[in-house]
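**Student:** Sequence first, predicted coordinates after that:
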Amino acid sequence: MSSIAQKKGFGATLWDYLTTVDHKKIAILYLITGGLFFVIGGIEAMVIRIQLAQPDSDFVSAGLFNQMITMHGTTMIFLAAMPLLLGFMNAVMPLQIGARDVAFPFLNSLGFWLFFFGGIFLNLSWFMGGAPDAGWTSYASLALASPGHGIDFYTLGLLISGFGTLIGGINFLVTIINMRAPGMTYMRMPLFTWTTFVASALILFAFPPLTVGMVFMMVDRMFDGNFFDHTMGGNTIIWEHLFWIFGHPEVYILILPAFGIFSEIFATFSRKRLFGYSAMVFATVLIGFLGFMVWAHHMFTVGLGPTANAIFSVATMAIAVPTGVKIFNWLLTIWGGSIKFTVAMIYAVAFIPTFTAGGVTGIMLASAPLDYQLHDSYFVVAHFHYVIVGGVVLGLLAGLHYYWPLMFNTMLSEALGKWTFWLFFIGFHLTFFIQHFLGLLGMPRRVFTFGANQGWDLYNLISSIGAIGMALGVAVLVVNIIRTIVKNEKVGRDPWGDGRTLEWAVPQPVPFYNFKQTPLVRGLDTFWIEKQEGNKEGMTYAEPVGDIHMPNNSFIPVVISFGLFVAAFGALYNGEQPWAVPVLILGLVITFGAMIVRSLKDDHGYHVHKEDLMDEKGGKH
Amino acid sequence: MAHDVHAHVRSQTEYEYKRRRSANEMRGHVTTFAIMIFLTLIAFTMVYAGFSAYFVVPIILLLAAVQVILQLYYFMHMSHKGHETAQLFLYSGVIVAFITILTMITIVWW
């Protein structure tokens, strides 16, 4: 085996990606699929803004509008933001800790394909009788009354993709706990690895409640269960609790890795060690912990009683403390640094005030009495777009520019990147800042239109014009990506010149085994330390060159996931079509058959031999 | 990534230390096992004696919790070194589960 790239036909490349268990290739798959769903979710957002640009608009019908808002939220959270972050985690985290792959490469691939088929299944609803239409939260009282199969697509699709995410989270946890290079103690882990660790722990604890909720909903809708039907002794509030016990940690699952990306960017482009590293780690863990204690702030108006509301209100406000610690640490990292304003750094700097604005409205909403006024208004819409777009999406765009050279050995155009930034950033604030005031003026969330005499016309029009800016920004980004791929100019190792952490010390293109010799980590910002000491290779090694054990590629993850995809159609049409039950059984047979094959067939992987490693240019990079 | 397997010869002191430690561990195992059998006997006896269900059920649940802890610490090696991460995640999971159950029985209105 050689790591030197060979020309391959399209079929061979496709097969390679279908069967790959390499974390770097799975990262690319996540990036492509997540990017695709991001564009789909963006188109849905544009439809929403076109509909709301004018009063009494009939661009889409009320029913279709409900499907649009539901699918926009669901797609952006589950199928765009999370997979894109998982993509970056896959691409970067193993390199940052000096590992040759994640702990379970096969499961990594399985996690991706489950997400992929779940996402495709959910989006097929558009062509098969209508998409889900009860909002991304899909409250049971509404969802149970929804006609058609939309909600069934939602529950089954998210169940399948949720398994994938859970598997991914566990995999990262095991990797970080067990596979750190010698010398990489917990308190020497780069902050992106730390946030990946905490976000994975949140996935581990948050997804089971979601799965339970989804199964309840599925049983209620498809198999005549009564978990949420109060006329039969069920309780619709249980769904809300289960959903938000998952849903609130979910927003931290999204934002923490984005925090990690920003922390790396601030340190790199300020050319300073991250200020207050240990405080940052502590704040990350604390946010993760508190994230589980606050979910009922989404439910203040449900009527939990003043005691419960007060407890959750205080707990929610407490989260502002560790988040504030982070904000100040980032500012102090920049302070006095030798700053280089690359596109990634511009995103990072713009993120601070934007996210802080979202955080401040968060504190306002955390106050239960005020929440009674603002609940389900456009103020809430403005708030969560400020934290999710102003935090997570800016993080993703920054990370895309920052890690692109690491993943593809080419560099995105900085000039076009700045165009994207300004279009997106101005468009974003134009769209969402004014929505705070729409909310204060009383415009409720999720309405499909409004009257001309309600005084909301101008603000909605401004908001829609802003959305065009965001769309143009993304269009420029797509052009930038295509141009970069076509030009294909290789940039080599440490393209930013100021890489601090281990991933930048790896030779480019990254060999499929990552590290010829496991590195020895001598402190925080390993690569920086080595560079300061004049080490041209960028790494001190912990072991001599030896055989490397690698896993074999496998097609089984695709088969397992495809089986569940087929079974989902059977469950969906249960009791309506004569073929439903056979299809359900067929799908489960495919899945469990593939699992049995995997269990019974021994696959010990293969070894890259020492002699082959030495052959390439005498064992040096 | 073990490349070379080092053969390790135990010295006499080391051998005795290991022996003593195994003996200690064995004693722990046997003691715990005896306690667990005893707890199980109490549970069965309580049901057999026909006490009120309101008395029996909480006590049995309590005994079950004690048994789980004994099981984890003495038979699944949680008392040993190097299991701190497992403990952290186990207790975090217990806290999350506890809060969820607490919620379901207190602030879900019927």
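**Tutor:** That came through fine. Keep in mind it's a predicted model, so treat the numbers as computed, not measured.
**Student:** Once you drop chain neighbours, what's closest to residue 92?
**Tutor:** Looking at chain A here, since you left the chain open. Among residues not flanking A:V92 along the chain, A:E503 sits closest, at 5.5 Å (Cβ to Cβ, 6 or more residues apart in numbering or on different chains). Backbone N, C-alpha and C define where each C-beta goes, glycine included.
**Student:** other chain: chain B
**Tutor:** What sits nearest to B:S92 in space, not counting adjacent residues and going by Cβ to Cβ, 6+ apart, is A:F205, at 6.7 Å.
**Student:** could you list every residue that touches that neighbour?
**Tutor:** A:P249, A:F292, B:S92, B:G93, B:V96 (Cβ atoms under 8 Å, 6 or more residues apart in numbering or on different chains).
**Student:** want to throw those residues into TSV with pLDDT, distance to A:T211 and secondary structure?
**Tutor:** Output for the contacts of A:F205, formatted as TSV (pLDDT from 0 to 100; distance: Cβ to Cβ, whole Å; DSSP: H, G, I helix; E, B strand; the rest coil):
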residue	pLDDT	distance to A:T211	secondary structure
A:P249	93	14	helix
A:F292	87	16	coil
B:S92	87	18	helix
B:G93	87	15	helix
B:V96	85	14	helix
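**Student:** quick one: which of these is nearest B:V66?
**Tutor:** Comparing those against B:V66 with Cβ to Cβ picks out B:G93 as the nearest, at 18.6 Å.
**Student:** any idea how far B:I99 is from the closest one?
**Tutor:** 11 Å (Cβ to Cβ, to the nearest Å).
**Student:** Just the CA coordinates for stretch A:334-354, please, in CSV.
**Tutor:** Taking Å, rounded to 0.1, in the frame of the first residue of the first chain, the C-alpha atoms of stretch A:334-354 are listed here in CSV:
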residue,chain,number,x,y,z
ILE,A,334,-6.9,38.8,20.6
TRP,A,335,-5.8,41.6,23.0
GLY,A,336,-2.1,42.4,22.3
GLY,A,337,-1.9,39.7,19.7
SER,A,338,-0.2,39.9,16.3
ILE,A,339,-3.5,39.7,14.5
LYS,A,340,-3.8,38.5,10.9
PHE,A,341,-7.3,39.1,9.4
THR,A,342,-7.8,36.1,7.3
VAL,A,343,-11.4,35.2,6.4
ALA,A,344,-11.6,32.7,9.2
MET,A,345,-10.5,35.4,11.7
ILE,A,346,-13.0,37.9,10.3
TYR,A,347,-15.8,35.4,10.9
ALA,A,348,-14.4,34.8,14.4
VAL,A,349,-14.3,38.5,15.3
ALA,A,350,-17.8,39.1,13.9
PHE,A,351,-19.0,36.2,15.9
ILE,A,352,-18.3,37.8,19.3
PRO,A,353,-20.8,40.7,19.2
THR,A,354,-23.3,38.7,17.2
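**Student:** A:H549 in helix, strand or coil?
**Tutor:** Using DSSP: H, G, I helix; E, B strand; the rest coil, the structure places A:H549 in strand.
**Student:** Go ahead and confirm it touches A:Y513.
**Tutor:** No. A:H549 lies out of contact with A:Y513 (Cβ atoms under 8 Å); the separation is 9.2 Å.
**Student:** hang on, the earlier thing: if you rank the contacts of A:F205 by neighbours, which is first?
**Tutor:** Counting neighbours by other Cβ atoms under 10 Å in any protein chain shown, A:P249 leads the contacts of A:F205 with 28 neighbours.
**Student:** Helix or strand: which one has the closest residue to it other than its chain neighbours?
**Tutor:** Excluding the flanking residues, the one nearest A:P249 by Cβ to Cβ, 6+ apart is A:A206, at 3.8 Å. Counting by DSSP states H and E, the element that carries A:A206 is helix A:191-222.
**Student:** distance of the residue nearest to B:S92 from B:L102?
**Tutor:** 15 Å.
**Student:** repeat for A:T356
**Tutor:** As judged by Cβ to Cβ, A:T356 and B:L102 stand 33 Å apart.
**Student:** The two: which is more packed in?
**Tutor:** Between A:T356 and B:L102, counted using other Cβ under 10 Å, the more crowded position is A:T356 (16 against 10).
**Student:** confidence score at the more buried one?
**Tutor:** Confidence at A:T356, expressed as pLDDT, is 95.
**Student:** In terms of helices and strands, where is it?
**Tutor:** Using DSSP H and E, A:T356 sits in helix A:343-366.
**Student:** Close to chain B: what parts of the stretch 251-400 of chain A are there?
**Tutor:** Contact residues, the stretch 251-400 of chain A versus chain B (Cβ under 8 Å from any Cβ of the partner chain): A:F292, A:M293, A:A296, A:G303, A:L304, A:G305, A:A308.
**Student:** And the residues you listed, which two are furthest apart?
**Tutor:** The span of those, defined through Cβ to Cβ, is set by A:F292 and A:G303 at 22.4 Å.
**Student:** so where does the residue nearest to A:I346 when sequence neighbours are not counted fall, helix or strand?
**Tutor:** Counting by Cβ to Cβ, 6+ apart, A:F421 is the residue found nearest to A:I346 once chain neighbours are left out, at 5.5 Å. Using DSSP H and E, A:F421 sits in helix A:414-440.
**Student:** If you count neighbours, what's buried in that helix?
**Tutor:** For helix A:414-440, the buried set under the neighbour-count rule, 16 or more other Cβ atoms under 10 Å in any protein chain shown, comprises A:416-417, A:419-421, A:423-425, A:427-436, A:438-439.
**Student:** Can you spell out which helices and strands pack onto that helix?
**Tutor:** The contact analysis (3 or more Cβ pairs under 8 Å, 6 or more residues apart in numbering or on different chains; DSSP states H and E) places helix A:414-440 against helix A:343-366, helix A:378-387, helix A:394-408, helix A:457-487.
**Student:** again, only this time at 6 Å
**Tutor:** helix A:343-366, helix A:378-387, helix A:457-487 (3 or more Cβ pairs under 6 Å, 6 or more residues apart in numbering or on different chains; DSSP states H and E).
**Student:** Quick one: mean pLDDT for the helix or strand following the first one?
**Tutor:** The first helix or strand that comes after helix A:343-366 along the chain, using DSSP H and E, is helix A:368-374. Per-residue pLDDT values over helix A:368-374 give a mean of 93.
**Student:** starting at the chain centroid, how far to helix A:368-374?
**Tutor:** When C-alpha coordinates are averaged (Cα atoms, centre = their mean, to the nearest Å), helix A:368-374 and its chain have centres 30 Å apart.
**Student:** what residues does that helix touch?
**Tutor:** Contact with helix A:368-374 is made by A:F300, A:T301, A:N309, A:S313, A:M364, A:L365, as judged by Cβ atoms under 6 Å, 6 or more residues apart in numbering or on different chains.
**Student:** Just the buried subset of those residues, please.
**Tutor:** Burial by neighbour count, judged by 16+ other Cβ under 10 Å, picks out A:F300, A:N309, A:S313, A:L365 from the contacts of helix A:368-374.
**Student:** Please narrow the residues you listed to those residing in helices.
**Tutor:** A:N309, A:S313, A:L365 (DSSP state H).
**Student:** Stretch A:300-314: which residues count as buried?
**Tutor:** Taking 16+ other Cβ under 10 Å as the criterion, stretch A:300-314 shows A:F300, A:V302, A:L304, A:A308, A:N309, A:I311, A:F312, A:S313 as buried.
**Student:** pull the CA atoms of that stretch into CSV?
**Tutor:** Extracted in CSV, the C-alpha atoms of stretch A:300-314 (Å, rounded to 0.1, in the frame of the first residue of the first chain):
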residue,chain,number,x,y,z
PHE,A,300,-42.6,28.5,30.9
THR,A,301,-46.1,29.1,29.5
VAL,A,302,-47.2,25.5,29.8
GLY,A,303,-48.2,26.0,33.4
LEU,A,304,-45.5,24.1,35.4
GLY,A,305,-46.1,26.4,38.3
PRO,A,306,-44.1,29.3,39.8
THR,A,307,-41.6,27.1,41.6
ALA,A,308,-40.6,25.1,38.6
ASN,A,309,-40.4,28.3,36.5
ALA,A,310,-38.3,30.0,39.0
ILE,A,311,-35.8,27.1,39.3
PHE,A,312,-35.4,26.8,35.5
SER,A,313,-35.2,30.6,35.1
VAL,A,314,-32.3,30.9,37.5
